[in-house]
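Chemist: Give me the fold of what follows.
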Amino acid sequence: MNSDHNIQHSMVRSIPMRIEVRHLRYVVAASKCGSFRQAAKTLEIEQSAVSRRIRDLEDEIGAALFIRHSGGVILTHAGKKFVRHAQQALSEISHAAVGIGLIGRGERGAIRMGIFSSLASGFLARLLHTYCSRYGDVRIDIVEGAPSDHISAVRLHNLDVAFVTGVPMLSDCDASQFWTERVFVVLPRAHDLAKRASLRWRDLYGEAFVVSESDPGPEIQDFLVKHLADLGVQPSIERHRVGRDNLMQIVSFGRGLTLTSESTIAAQFPGVVYRPLDGETLPFCAVWSPRNDNPAFRRMLSLAKAMAHQNGIGRSKQTETELMHVMSAKDPSS
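Modeler: Numbers count the residues shown, from 1 in each chain. Sure, this is the predicted structure:
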């Protein structure tokens with residue numbers, strides 16, 4: 001007998017209750033107004049709808065929530081407890097709706113970004129500054145690393161976007177060039193070439209070079225070998241297990257020259273100077289998955305495209321309207 005009772009009790013508990021959000025709103029409104037008629041007026045619906053839905057709810061949970069009388073309604077003991085939970089539930093739903101709405105509009109959330117460029121100056125620094133000033137509630141997670149690692153992370157959806165040099169041809173990712181940077185030669189302040197305002201490849205004939213074993217060292221080495229080979233030169237290149245700061249110090253010691261991109265020259269190091277290499281620029285692009293539906297990232301992508309178009313990269317008549325719309329959106333100065 002007890003076994004049968006337990007089975008029946010378990011079955012009853014397992015049946016999901018059909019309680020809708022409107023049921024909760026009707027009960028809370030009736031408890032505040034003291035009558036179904038006034039609650040219906042407040043909710044701008046028919047009184048019969050309020051009365052019927054509350055009756056359905058009472059039947060569903062198996063308890064009376066209100067005592068009906070000629071002057072209106074009064075909460076029962078069970079009704080008072082139910083209203084407390086209903087108010088809490090409605091509050092949670094409201095907060096969730098607002099929060100999800102902000103995320104859906106790209107005003108909250110997070111963007112995971114892989115970079116292969118300096119944030120000291122240049123396009124990427126301006127992009128982040130503008131984006132953060134407009135969408136300060138969006139968290140930006142920045143990861144430094146090699147382009148190949150970043151692109152793999154984009155494929156796995158571990159990164160929303162990777163900013164890399166060049167314009168890679170990828171079948172499973174989208175890529176778009178957003179900016180270019182001039183190439184600079186880094187040399188000791190006392191070097192004879194430091195007296196010149198700019199340099200050409202033939203000025204580097206016979207010079208020794210130093211690069212880092214970590215990125216972007218290998219890319220710089222390939223760049224040097226490719227261009228100096230055109231002059232019939234096999235450059236002397238030393239590789240060091242150091243980061244950028246210590247590589248600059250090695251240059252200042254007179255051990256060799258190196259190359260860097262325009263965005264990095266805002267950082268000054270004692271004993272070294274930067275000189276532009278005539279006619280040499282590096283394209284930078286963003287790589288992302290076409291299946292990425294992160295609204296915060298999509299807003300950043302639209303802003304980046306607009307800024308690139310403003311700089312004359314990929315600009316067309318079709319993008320003029322988009323440019324005006326995105327650049328004016330949530331403008332702090334407006």
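
Chemist: So for stretch 180-197, what gets flagged as buried?
Modeler: 180-188, 191 (16 or more other CB atoms under 10 Å). C-beta here means a position set from N, CA and C on the backbone, and glycine is covered the same way.

Chemist: Quick one: those as TSV, columns for distance to Gly79, secondary structure and pLDDT too.
Modeler: Shown next, in TSV, are these (distance: CB to CB, whole Å; DSSP: H, G, I helix; E, B strand; the rest coil; pLDDT from 0 to 100):
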residue	distance to Gly79	secondary structure	pLDDT
Thr180	69	strand	89
Glu181	69	strand	90
Arg182	74	strand	92
Val183	75	strand	94
Phe184	75	strand	95
Val185	80	strand	96
Val186	77	strand	96
Leu187	83	strand	95
Pro188	84	strand	96
His191	87	coil	95
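
Chemist: Spell out, range by range, the helices that occur in the stretch 201-334 of the chain.
Modeler: All helices of the stretch 201-334 of the chain, identified by DSSP state H, counting those that start in this stretch, fall at 217-229, 244-252, 295-310, 320-328.

Chemist: start to end distance for stretch 160-178?
Modeler: One end of stretch 160-178 sits 16 Å from the other (CA to CA, to the nearest Å).

Chemist: Next: stretch 113-122.
Modeler: Terminal-residue distance, stretch 113-122 (CA to CA): 17 Å.

Chemist: so Pro235 touches Phe209, yeah?
Modeler: Yes - counting by CB atoms under 8 Å, Phe209 is a contact partner of Pro235 at 5.7 Å.

Chemist: which residues of the stretch 51-200 of the chain fall in helices?
Modeler: Using DSSP H, counting those that start in this stretch, helices in the stretch 51-200 of the chain cover 77-104, 123-134, 147-155.

Chemist: Which of these sits closest to Arg275?
Modeler: Closest approach to Arg275 among the helices of the stretch 51-200 of the chain is made by helix 123-134 (21.5 Å; CB to CB).

Chemist: sorry, back to before: flag whichever of the helices of the stretch 201-334 of the chain has the least confidence on average.
Modeler: Lowest mean pLDDT of the helices of the stretch 201-334 of the chain: helix 320-328, a mean of 43.

Chemist: neighbours around Cys132, how many?
Modeler: 13 (other CB atoms under 10 Å).

Chemist: surely it meets Ile140?
Modeler: Yes - counting by CB under 8 Å, Cys132 touches Ile140, with 6.9 Å between them.

Chemist: what residues do Pro235 and Phe209 have in common as contacts?
Modeler: Leu224 (CB atoms under 8 Å, 6 or more residues apart in numbering).

Chemist: Show me which residues of the longest strand anywhere in the chain are buried.
Modeler: Counting residues, the longest strand in the chain under DSSP state E turns out to be strand 272-288. Residues 272-277, 280, 282, 284-288 are the ones in strand 272-288 that count as buried (16+ other CB under 10 Å).

Chemist: which one of those sits closest to Ala40?
Modeler: Trp288 (50.6 Å).

Chemist: mind showing which ranges of the stretch 151-300 of the chain have poor pLDDT?
Modeler: For the stretch 151-300 of the chain, no stretch has pLDDT under 70.

Chemist: Make a markdown table out of the helices of the stretch 51-200 of the chain and add distance to Phe297.
Modeler: Formatted as a markdown table, the helices of the stretch 51-200 of the chain follow (distance: least, CB to CB, whole Å):
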| stretch | distance to Phe297 |
| --- | --- |
| helix 77-104 | 12 |
| helix 123-134 | 10 |
| helix 147-155 | 11 |
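
Chemist: Tell me what the spatially most central residue of the chain is bridged to.
Modeler: Centroid-nearest residue in the chain: Ile111, 2.1 Å away (criterion: CA atoms, centre = their mean). Ile111 has these beta-bridge partners by DSSP bridges: Ile140.

Chemist: Is it correct that it is in contact with Asp137?
Modeler: No - with contacts counted by CB under 8 Å, Ile111 stays clear of Asp137, the gap being 11.8 Å.

Chemist: phi, psi of Ala146?
Modeler: Here is the backbone geometry of Ala146 (degrees, to the nearest 10): phi -80, psi 140.

Chemist: in what helix or strand does Ala29 lie?
Modeler: helix 21-33 (DSSP states H and E).

Chemist: Output the contacting helices and strands for that helix.
Modeler: Contacts defined by 3 or more CB pairs under 8 Å, 6 or more residues apart in numbering; DSSP states H and E place helix 21-33 against helix 36-43, helix 47-61, strand 72-75, helix 77-104.
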